[in-house]
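A.B. asks: Quick one, fold the following:
(one chain, ligands or ions: 1)
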Amino acid sequence: MASEPTQTPQTGGSLSDRISTPADAAQSTEVSQDAAGESELQEPDYSVEVKLSDLQADPNNPLYSVKSFEDLGLDDRILKGLSDMGFRKPSKVQERALPLLMRNPPKNLVGQSQSGTGKTAAFVLNILSRIDLSTDLAQTTPQALILAPTRELARQIVGVVQVMGQFLDGLVIGTAVPADTATRPARMECSVVVGTPGTVQDMIKKRIMNPAQLKVLVLDEADNMLDQQGLGDQCIRVKGMLPRTIQVVLFSATFPAHVHRYAEKFAPDANEITLQHEELTVDGIKQLYMDCSSDEEKYSNLVQLYGLLTVGSSIIFVRTRASAAEIEKRMIAEGHTVASLTGGIEGSQRDAVIDAFRTGEAKVLITTNVLARGIDVSTVSLVVNYDIPEAYAGGSRSREPDYQTYLHRIGRTGRFGRIGVAISFVSNRDEWEMLRKIQQHFNCSIERIDTNDWDEVEDLIKRTLKNSRAQANFVAS
Ligand SMILES: Nc1ncnc2c1ncn2[C@@H]1O[C@H](COP(=O)(O)OP(=O)(O)OP(=O)(O)O)[C@@H](O)[C@H]1O
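C.D. replies: This next block holds a predicted model:
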């Protein structure tokens, strides 16, 4: 457990009694895979590489499994899709969830596992196993519906269903995200629909989508969907229009207690896979913080970091759309290449920005909480919390951290055994206190970076990022 802080950040206080040293970075594990897809063990001078198969053989690792995908009873065509994606063994959540999801008669499931551990495949594999593509209606009337909180996440899931189901003849996937009337399909004719709750609700109401044959409903980032006022109502309305016997599947890395209660109502009598909040942080994500004496110093530290940001890809999280726009404008004016994506931007432009970020054309992305969840870009090696995520403190004057959002934001790096760095900027006592609470809540260590010595900052971050760069072909091959 962290020690109580005794100094303010400006005077060099440490959040933790575990002080960061270059040796800490030296102990970071990294995962590699050679071009032929075989893992290899290398030992650079300062780091010990660990193969994915080592992580998957460690019972304490969330990627651990004893079974193979073949053991899980999946159709050969689906196994072919998985093999094409480079998936060799299931992760813990996949191994535990799939038998529960695929058993008949179908039962609901509330599933939780750390960020980047493969929840998407768990629910997609269940869907691909359950849909019947041999019927006359298979391409016109959807049998499964996946709801996600943002268009970016919905589009990403469409991509996963497409690749995983590429050998299933007749599989048609529909995307239901906000679009202007000109580009909106007149009928949602497909086997699986992935969309955002508002658009799906609208499509069912307007009879653009026929829900009569739906067998599976998935809510990804379920705690977020059920907890947000607008989204939660939309999810409940959508569910009210679906067949009563539908299998309801809820997944997230976080299920705070108050949302867990809604989840149990939304998915009654469900099997559950849950974790304690102390188990939620991912070992491969090195968490750091930086003292900044003012807002202006936050900006200058960000610019100092810029050279490091472009080593892999990175995401900078800010609190408001306005500050995203402001930082983007200032950085571009100073000659830096950055992109930004916020809810204020029009849909097709959002698609263009996220697509450029995925391909690596844009390497530094400034965003708000809109991209805090679910987004899976394996090259992201650095996440910056320019502003600490805050929860509404119910009118009280104390500022409360948003624990879940912190975890989801930093989870945009360190995906499936990779290594990444998350740096939070702290510019006053309140923010420092929020970060201390986050550390206590997750029982993790968030180490201070000394900005008086930028060489040391560079050294520390580069060591870790170098490790993650060495993993470029890992899994994705
Ligand atoms: N069994 C597997 N073998 C190899 N790679 C996998 C496996 N399962 C998933 N992955 C990869 O791991 C990455 C993370 O998976 P995914 O996006 O499903 O994580 P998640 O648990 O949903 O994370 P989050 O909570 O952040 O949404 C993806 O790039 C995915 O392709």
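A.B. asks: How is this protein partitioned into domains?
C.D. replies: In the assignment given by the TED database, the structural domains of the chain cover 48-275, 285-468.
A.B. asks: and the last one, anywhere near the ligand?
C.D. replies: Read that as domain 285-468. Yes. Applying C-beta under 6 Å from any ligand atom, one finds domain 285-468 in contact with the ligand at G374, D376, S378, G411, R415, F416. (C-beta placed from N, C-alpha, C; glycine too.)
A.B. asks: Can I get the residues you listed in TSV including secondary structure?
C.D. replies: Converted to TSV, the residues of domain 285-468 next to the ligand look like this (DSSP: H, G, I helix; E, B strand; the rest coil):
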residue	secondary structure
G374	coil
D376	coil
S378	coil
G411	coil
R415	helix
F416	helix
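A.B. asks: Let's see if you can find the most crowded of those.
C.D. replies: Within the residues of domain 285-468 next to the ligand, neighbour counts (other C-beta atoms under 10 Å) peak at G411, which reaches 28 neighbours.
A.B. asks: Once you drop chain neighbours, what's closest to that residue?
C.D. replies: Once flanking residues are discounted, G411 sits nearest to S115: 2.6 Å by C-beta to C-beta, 6 or more residues apart in numbering.
A.B. asks: okay, now the one you found: neighbour count?
C.D. replies: Using other C-beta under 10 Å, S115 has 26 neighbouring residues.
A.B. asks: I'd like to know how far it sits from G420.
C.D. replies: Using C-beta to C-beta, to the nearest Å, S115 is found at 11 Å from G420.
A.B. asks: Next, show the common contact partners of the two.
C.D. replies: Listed as contacting both S115 and G420 by C-beta atoms under 8 Å, 6 or more residues apart in numbering are I410, G414.
A.B. asks: per-residue pLDDT, the closest residue to the ligand within the stretch 351-477 of the chain?
C.D. replies: Residue of the stretch 351-477 of the chain nearest the ligand, by C-beta to the nearest ligand atom: F416 (3.3 Å). F416 carries a pLDDT value of 93.
A.B. asks: L63 is in contact with that one, correct?
C.D. replies: Yes. Using C-beta atoms under 8 Å, F416 is in contact with L63, at 6.8 Å.
A.B. asks: Phi first, then psi, for the residue nearest in space to the middle of the chain.
C.D. replies: Nearest residue to the geometric centre of the chain (C-alpha atoms, centre = their mean): G374, 3.0 Å. The phi/psi pair for G374 (degrees, to the nearest 10) reads phi 80, psi -30.
A.B. asks: before we move on, what about V160?
C.D. replies: According to degrees, to the nearest 10, V160 has phi -70, psi -40.
A.B. asks: right, and it touches T120 too?
C.D. replies: Yes. Shown here, V160 and T120 form a contact pair, counting by C-beta under 8 Å, at 5.3 Å.
A.B. asks: Would you mind telling me which of the two has the busier surroundings?
C.D. replies: Neighbour tally, V160 and T120, criterion other C-beta under 10 Å: the higher count belongs to T120, 23 against 19.
A.B. asks: Does the more buried one belong to a helix, a strand or coil?
C.D. replies: Applying three-state DSSP: T120 is helix.
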